[in-house]
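**Student:** Next one to model:
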Amino acid sequence: QVQLVESGGGLVQAGGSLRLSCSASGGTFSRSAMGWFRQAPGKERESVARIGWISSVYYADFVEGRFTISRDNAKNTVYLQMNNLKPEDTAVYYCASTNGPGSYSKEADFGSWGQGTQVTVSS
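**Tutor:** You can find the predicted model right below:
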């Protein structure tokens, strides 16, 4: 079982930036796809960005070029650089991992989840 620990959340003003990190242990990080998801109060969890084991990346439409997902296999870490943040980006952000190679096109493909980190963007 993969253990995932997120960090880097916090309070930022609109237009500001944050960098989220997710450290993985206990699994085959380099052969797993990783994803960032978020859940705002009263809303369903949604995909933000996903990166495959060969670093193919996918972003939700609402990202609009503001976020960048990346991974460092030597450090077993995935990052989400978030720029030009908006109040509507306020949510708990979760890191997730697939359990090895395979599909990573939908939330159900991700079997391991972190505890989440709060991102709050003030207007």
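
**Student:** buried stuff in stretch 54-63?
**Tutor:** By 16 or more other CB atoms under 10 Å, the buried positions in stretch 54-63 come out as Y58, Y59, V63. No exception for glycine: its C-beta is placed from N, CA and C like everyone else's.

**Student:** check which helix or strand covers the closest residue to the first one other than its chain neighbours.
**Tutor:** This means Y58. Excluding the flanking residues, the one nearest Y58 by CB to CB, 6 or more residues apart in numbering is R50, at 4.7 Å. Assigned by DSSP states H and E, R50 belongs to strand 46-51.

**Student:** what's the spacing between the spatially most central residue of the chain and L80?
**Tutor:** Against the mean C-alpha coordinate of the chain, by CA atoms, centre = their mean, the closest residue is W36 at 2.0 Å. The gap separating W36 from L80 is 5 Å, by CB to CB, to the nearest Å.

**Student:** Sheet partners, orientation included, of the helix or strand hosting the residue nearest to the centre of the chain?
**Tutor:** Here W36 sits within strand 34-39, counting by DSSP H and E. Sheet pairing for strand 34-39, assigned by DSSP bridges, gives strand 46-51 (antiparallel), strand 91-97 (antiparallel).

**Student:** All good on my end, thank you.
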